[in-house]
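> sequence first, predicted model second:
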Amino acid sequence: MDIFSSYNLIIEASVILILSFWFSGLAKKTNIPAVLMLIVLGIILQYVAKAFVDQLPDLFPALEVLGIVGLIMIVLEAALELELKKDKVWILLKSMAIALMGLGASTWVAALILQALIPGMTMPQAWLYATPLSILSSAIIIPSVGGLSQEKKEFHIYESTFSDIAGIILFYFLVGQLNPAEATGAAGFAGSILLTIVIAVVASYAIILIFQGIKSQAKQFLLIAVLLLLYALGKKLHLSSLIIILIFGLIIANMKLFFGGPLKKFLKEDRAKQIYKELHIITLETAFVVRTFFFVVFGITIVLSTLLSVRVLLISILILASIYLIRFVLLRTFLGKDIFPQLFVAPRGLITVLLFYAIPPEAQLAEFEPGILLFIIIGTSLIMTWAMIKDKRKMSSTPEQLDEESHAPNEAYEAIEEEKQAEETSDKSPPEDEGPQWA
């Protein structure tokens, strides 16, 4: 039986997507992250496939492409949710401070642990390996915190987004320092980021102004193709490309802010709203598909025997302990006593795996066992699951609060429902007047 024939692959992919959709519904009821279920599904498929073939094909290229596209979609999805308002400045600043300080402290402590317990590992190598282990996974957090209060949900979205971007910037800064001929130092790297921001702002304004004039219905994937092109070109030029995606998402989600004053006359607000609404839906759907296949493929590539090492167990437990100790100190300092379940919402996931596989050959160390990566991903996900289940039980014991928070709006889909209602009450209104209510 050829399990890799065209029709079999179509059947397998379809079944995986259907199961992933079911996992998402199950995750809402049980608070077990759907990502964890997808990894387990991948592990099961690995052993099923081995019953039919002697050797699985090299899935790393597919994993790398899925990871990059998934990363772009996840950051864009998060950016489209960020509202830049005066009343959100404080939570933005707090979440940014916690994300940056948590990333720095966790990376430093994890590097010390790795350098001390893995033979032959230098401190630069330790920092490079520790960085992916210290980045929060927005791919897991964003879909998992929908049941929390609006304030806590916003905090987690902001924090995980800042952690993703800062972690990726730190990782590629460290990679750049490995080659003395290419190393630019902190000043040169800061200049690169500043250049990236300028390019991102100019490109974002240009994209919005051009696309609001395109009348074709099939333009959203064209827009995504442009963003992917900008990201890839930015990486080729050694720029922090993810900043381009973040800034574009922020600008299109907060157009009234960025198109104020003399720029207002250039914005066709109704058409721009329509672009935002359609882009939001496509981003959600694409992120779901890419995330599904990424974690299933990752599960297929996992070698479970790497978890049996005593050294893997010791290093992983020490790093996990440091993650939550550092997080406890930061949350108590910035948020006060009400830090549950935020303390335990610190999973590692897509970016951790993606950056681990992006470590250049000259910095790789054979003594580093991938089981550490797997143990920390599974461990942080299980701890978050426990915390979310406990919080859900606590919420169910306070029905008034639960009733109030169960009506917290999902802004993207609420906007779509409002548009549908507007269409029903006014069938004659022109297409240009349609679009979501703009905050």
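Sure, I can see it. Just so you know, these numbers come straight off a predicted model, no measurement behind them. Residues are numbered from 1 along each chain as shown.
> pull the contacting residues for K390.
Counting by CB atoms under 8 Å, 6 or more residues apart in numbering, K390 touches P341. In this view, the C-beta of every residue, glycine as well, is placed from N, C-alpha and C.
> can you name the helix or strand that it falls in?
helix 371-396 (DSSP states H and E).
> buried residues in that helix?
Across helix 371-396, burial judged by 16 or more other CB atoms under 10 Å covers 371-381, 383-385, 387-388, 391-392, 395.
> one more: stretch 224-231?
By 16+ other CB under 10 Å, the buried positions in stretch 224-231 come out as I224, V226, L227, L228, L230, Y231.
> mind checking how far the fifth one is from L237?
Meaning L230. To L237, L230 is 11 Å away according to CB to CB, to the nearest Å.
> now H280
29 Å.
> which one's more surrounded, those two?
H280 (24 against 12; other CB atoms under 10 Å).
> quick one: residues in contact with stretch 280-287.
Stretch 280-287 has contacts (CB under 8 Å, 6+ apart) with 69-70, 73-74, 76-77, 80, 139, 220-221, 224, 412, 416.
> show me which of those residues is closest to R348.
Nearest to R348, judged by CB to CB, of those is A139 at 10.0 Å.
> number of residues surrounding that closest one?
Other residues lying near A139 total 33 when counted by other CB under 10 Å.
> residue contacts, it?
Counting by CB under 8 Å, 6+ apart, A139 touches V35, G70, I74, A287, R291, G349, L350, I351.
> how much space between the closest residue to it other than its chain neighbours and L38?
Using CB to CB, 6 or more residues apart in numbering and skipping the chain neighbours, the partner closest in space to A139 is L350 (4.1 Å). Here L350 is placed at a distance of 11 Å from L38 (CB to CB).
> which residues are in contact with each of the two?
Common neighbours of L350 and L38, using CB under 8 Å, 6+ apart, are R291, F295.
> distance-wise, check D338 relative to L330.
D338 is 14 Å from L330, by CB to CB.
> please read the previous query as pertaining to R348.
According to CB to CB, R348 stands 17 Å off from L330.
> over to A99?
A99 is 9 Å from L330, by CB to CB.
> neighbour-wise, which of those two wins?
A99 (23 against 20).
> quick one, what contacts that one?
Neighbour list for A99: L136, Y158, E159, S160, F162, S163, A166 [criterion: CB under 8 Å, 6+ apart].
> number of residues surrounding the last one?
Residues within reach of A166, counting by other CB under 10 Å, total 19.
> does it touch L103 like I think?
Yes: between A166 and L103 there is a contact at 5.5 Å, judged by CB atoms under 8 Å.
> quick one: which helix or strand includes the residue nearest to Y276 when sequence neighbours are not counted?
Closest residue to Y276 apart from its sequence neighbours, by CB to CB, 6+ apart: I252 at 5.5 Å. Assigned by DSSP H and E, I252 falls within helix 242-253.
> only C-alpha atoms, please: export that helix in CSV.
Extracted C-alpha coordinates of helix 242-253, given in CSV (Å, rounded to 0.1, in the frame of the first residue of the first chain):
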residue,chain,number,x,y,z
LEU,A,242,8.7,39.9,11.4
ILE,A,243,8.5,43.6,12.4
ILE,A,244,7.2,44.3,8.9
ILE,A,245,4.3,41.9,9.5
LEU,A,246,3.6,43.3,13.0
ILE,A,247,3.6,47.0,11.9
PHE,A,248,1.3,46.2,8.8
GLY,A,249,-1.2,44.5,11.1
LEU,A,250,-1.1,47.3,13.6
ILE,A,251,-1.6,50.0,11.0
ILE,A,252,-4.5,48.2,9.2
ALA,A,253,-6.2,47.4,12.5
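> which regions of the stretch 1-150 of the chain lie under the pLDDT threshold?
Applying pLDDT under 70 to the stretch 1-150 of the chain flags residues 1-2.
> which residues of it fall in helices?
Using DSSP state H, counting those that start in this stretch, the helices of the stretch 1-150 of the chain run over 6-30, 34-50, 60-81, 89-117, 123-133, 138-144, 150-178.
> between the third one and helix 242-253, how many degrees?
Between helix 60-81 and helix 242-253, the angle comes out at 40 degrees (axes from the mean of the first three to the mean of the last three CA atoms, to 10 degrees).
> for the helix holding I252, the distance to its chain's centre please.
For helix 242-253, the separation from the chain centroid amounts to 14 Å (computed by CA atoms, centre = their mean, to the nearest Å).
> pretty sure I359 sits against L128.
Yes: under the criterion of CB under 8 Å, I359 makes contact with L128 at 5.9 Å.
> what residues sit buried inside the lengthiest helix in the chain?
Longest helix in the chain, counting residues (DSSP state H): helix 269-301. Going by neighbour count (16+ other CB under 10 Å), the buried part of helix 269-301 is 271-280, 282-284, 286-301.
> show me the protein divided up by domain.
By the assignment in automatic domain parsing, the chain contains the domains 6-400, 409-439.
> and the shortest one, what's its mean pLDDT?
Averaged over domain 409-439, pLDDT sits at 46.
> return the most buried member of the domains of the chain.
domain 6-400 (a mean of 18; mean count of other CB atoms under 10 Å).
> quick one: secondary structure of I339?
Secondary structure, DSSP: H, G, I helix; E, B strand; the rest coil: I339 is coil.
> in three-state terms, label the closest residue to it other than its chain neighbours for me.
Distance criterion CB to CB, 6+ apart; nearest residue to I339, sequence neighbours excluded, is L331 at 4.1 Å. Three-state call for L331 (three-state DSSP): helix.
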